[in-house]
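Engineer: test case, fold it:
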Amino acid sequence: MFALIDCDNFFVSCERIFQPKLKNIPVVVLSNNDGCVVARSAEAKALGVTMACPFFKIEKMFRAQGGVALSSNYELYADISKRVMSLIQQEFQNLEIYSIDEAFVELKSSDRLYEIGLKFHQKILKEVGVSVSIGIAPTKTLCKLAIETAKKMPKDKVFVLTDEAKISEILKQTEVIDIWGIGKNTAQKLNFMGIFTGEELRLAPCGLIKKSLGINTEKTVLELNRFACLEMENHSQQKSIISSRSFEKEISQFNALEQIISEFVDSACLRLRQQHSLASGIIVFIASNRFHISQQQYQNSFLVPLPYPTNNTAKFLQAMKFGLTQIFKDGIFYKRAGVTLIDIQDQNLKQQNLLFSSEQNLKEQKLMSAFDEINAKLGKKTLYFGIQKSGQQYFIKRQFKSRNYTTSWDDLAIVH
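Structural biologist: From the prediction side, this is the model:
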């Protein structure tokens, strides 16, 4: 038996923990550079605010209705997510973190599934301050269906989907495009085969589905029939790590661009070390503003392989500078840039490479470990590389950002 735990309106819920005045009023959270809506409170949804709509198009109407718009506070959301996931891990042994606000857990068969879900819903609400919806079902695919019903519940937000008649009833009302694991192209092929609802997909012959659409779609059919085919996965180690941003202002100078991208390298390498991994290469990419059609358009990327796997930020900074030199063009106004670390592997694996010694790698890991410990204890960028600029750097517009209530001493909530 599986359960999917999903935080309700997560970004908005995080903001409301420390700003009770935001409760019961329309609230939206905006994307990078305060461009589009990426999260909405129930009150904002009731006003007709849609996901990903450009904020400037609705700002006048939204504020006239008493709505509040906030810039994305990534530091706050990441910290609250860690607290939620930590409580889930304490309660359930087998955990799969699916996204920043979702996690699958595996439950032992029990007649008290609803009570288990309700108890944990109340625990998260009490100890963290965010509401969660919980969908419980025999398979992960059915959990995704159950969570949609749970979210619509006014209070308890726990829904157990084990009864075959209830599964059939919900699937009859669900289009195949809305089934977890069914993409747009697959849905079109299913429609061509005369399959339009989840119930029609559930009753389709597995052999025909496998032959026409492959084994993954066949697994979806089996999952809809309560046969668990998708096991719990451990996503603790990412296969690649991306760090990128769109800038508030366009940049045309090489040195300025290099300095900014160095911050992305630093961030990506920290994440690499936090998951106890090494990487063997870095991709550097830059792009102009595609919305400024009057300007020259340009985008490019360059892969720089490293001689051996490492998590040493200095090595990646050197590689980044080389890659940027290969693709940078004068006269272009750049709006976006970033890096991707690739060929990631566990740092504890023995390296079969004659070009370097394991002692050399261990020395680098100890150096970076000391680097991270000092910054964690004394504050971010207490130590930093010469190519970087001192102090915390922000390259995006966040005009309406709330305080970092849980990650900065200066921003601690004040109780009067």
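Engineer: ok, Gln19 touching Ala413?
Structural biologist: No: using Cβ atoms under 8 Å, Gln19 is not in contact with Ala413, being 9.1 Å away. (C-beta placed from N, C-alpha, C; glycine too.)
Engineer: quick one: which of the two has more around it?
Structural biologist: Gln19 (16 against 10; other Cβ atoms under 10 Å).
Engineer: tell me where the stretch 101-250 of the chain has helices.
Structural biologist: Taking DSSP state H, counting those that start in this stretch as the test, the helices found in the stretch 101-250 of the chain are 113-127, 140-151, 164-172, 184-192, 198-202, 206-213, 215-224.
Engineer: nearest to Ser390, of these?
Structural biologist: For Ser390, the closest of the helices of the stretch 101-250 of the chain is helix 113-127, at 37.4 Å, according to Cβ to Cβ.
Engineer: what's the pLDDT at the residue nearest to Met193 when sequence neighbours are not counted?
Structural biologist: Excluding the flanking residues, the one nearest Met193 by Cβ to Cβ, 6 or more residues apart in numbering is Ser212, at 6.9 Å. At Ser212, the model reports a pLDDT of 92.
Engineer: residues contacting Leu324?
Structural biologist: Residues counted as contacts of Leu324 (Cβ atoms under 8 Å, 6 or more residues apart in numbering) are 254, 257-258, 261, 284, 286, 302.
Engineer: could you measure from it over to Ile282?
Structural biologist: 11 Å (Cβ to Cβ, to the nearest Å).
Engineer: try Arg290
Structural biologist: Distance from Arg290 to Ile282, by Cβ to Cβ: 24 Å.
Engineer: so for those two, which residue has more residues nearby?
Structural biologist: In this view Arg290 and Ile282 are compared by other Cβ under 10 Å, and Ile282 has more residues nearby, 27 against 11.
Engineer: ok, now which ones touch that one?
Structural biologist: 265, 303-304, 306, 316, 319-320, 323, 339-342.
Engineer: of the residues you listed - the most surrounded one?
Structural biologist: Counting by other Cβ under 10 Å, top hit in those: Val339 with 30 neighbours.
Engineer: hang on, isn't it packed against Arg245?
Structural biologist: No: counting by Cβ under 8 Å, Arg245 is not a contact partner of Val339; they are 10.8 Å apart.
Engineer: what's the overlap in contacts for those two?
Structural biologist: Joint contacts of Val339 and Arg245 (Cβ under 8 Å, 6+ apart) are Phe264.
Engineer: Asn404 belongs to a strand?
Structural biologist: No: looking at Asn404 with DSSP: H, G, I helix; E, B strand; the rest coil, it is coil, so not inside a strand.
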